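Trainee: Predicted model, plus sequence, below.
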Amino acid sequence: MTTAFDLIKKTKQIKADSYEFHLHMPTWRKFDPGIALKWQRTKFNVSGKEDVPEVRGLYVFTLEAEKLGLPTHGYILYVGITGNKSKANLRKRFGQYLLEAKKQNGRPLVMYMLNEWPDDLFFNFMAVPDGAIDLAKIERSFINTVLPPINASDFDGDIGPAKKAAF
């Protein structure tokens, strides 16, 4: 027989291990990246780095329960770009995240993501040719659409404060 104490304990455990992911449907329906989104993905680990090209582009960290045999799906945790205003590329950025996880230093939310789900993280990426589109523009649009929980900035002015205030 379940006691009130057992129920409270289990409820606290479920709440502590639960995470919210958001999708703003009105924004989602209006989302237009301006280019065809042709994603590739690799497991986020040392061997996955070889799968990532040395080109500029957009990347997304997803959390996926691959081993459970569920239909393919994942939760978008973080959206980023590389090579918009620098010579950086997707493979180099992937490596920087590997170092960040190993050194245990960096942005708190990113560190949380890298350490909380090391076996379930995937690095999704797409190459974006020079001049094809402003990467910062597509990143901001995508972030405003899916409201990734690990991104702390890069939201439009009206969305960022509202996201931070939501609980």
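Mentor: Structure received. Residues are numbered from 1 along each chain as shown.
Trainee: For the helix or strand where residue 122 lies, name the packing helices and strands.
Mentor: Element membership for residue 122, per DSSP states H and E: strand 121-127. For strand 121-127, the packing partners by 3 or more C-beta pairs under 8 Å, 6 or more residues apart in numbering; DSSP states H and E come out as strand 40-43, strand 57-63, helix 90-103. (C-beta placed from N, C-alpha, C; glycine too.)
Trainee: Mind listing what's buried along the first one?
Mentor: Of the residues in strand 40-43, those scored as buried under the neighbour-count criterion (16 or more other C-beta atoms under 10 Å) are 41, 42.
Trainee: Off-centre distance for it?
Mentor: Computed by C-alpha atoms, centre = their mean, to the nearest Å, the chain-centroid distance of strand 40-43 equals 13 Å.
Trainee: do the same with the last one
Mentor: On the basis of C-alpha atoms, centre = their mean, the separation between the geometric centre of helix 90-103 and that of its chain is 14 Å.
Trainee: what's that helix packed up against?
Mentor: strand 57-63, strand 75-82, helix 108-116, strand 121-127.
Trainee: average pLDDT across whichever helix or strand comes after the last one?
Mentor: Moving toward the C-terminus from strand 121-127, the next helix or strand (DSSP H and E) is helix 135-146. Helix 135-146 comes out with an average pLDDT of 87.
Trainee: Quick check, pLDDT for the closest residue to residue 107 other than its chain neighbours.
Mentor: Residue nearest to residue 107 in three dimensions, not counting chain neighbours: residue 152, with 7.4 Å by C-beta to C-beta, 6 or more residues apart in numbering. Predicted confidence (pLDDT) for residue 152: 79.
Trainee: now residue 152, what's its secondary structure?
Mentor: coil (DSSP: H, G, I helix; E, B strand; the rest coil).
Trainee: Show residues contacting stretch 127-141.
Mentor: For stretch 127-141, contacts defined as C-beta atoms under 8 Å, 6 or more residues apart in numbering pick out 31-35, 53, 55-58, 79-84, 90, 154-156.
Trainee: Buried only: go through these for me.
Mentor: 33, 55-58, 79-84, 90, 154-155.
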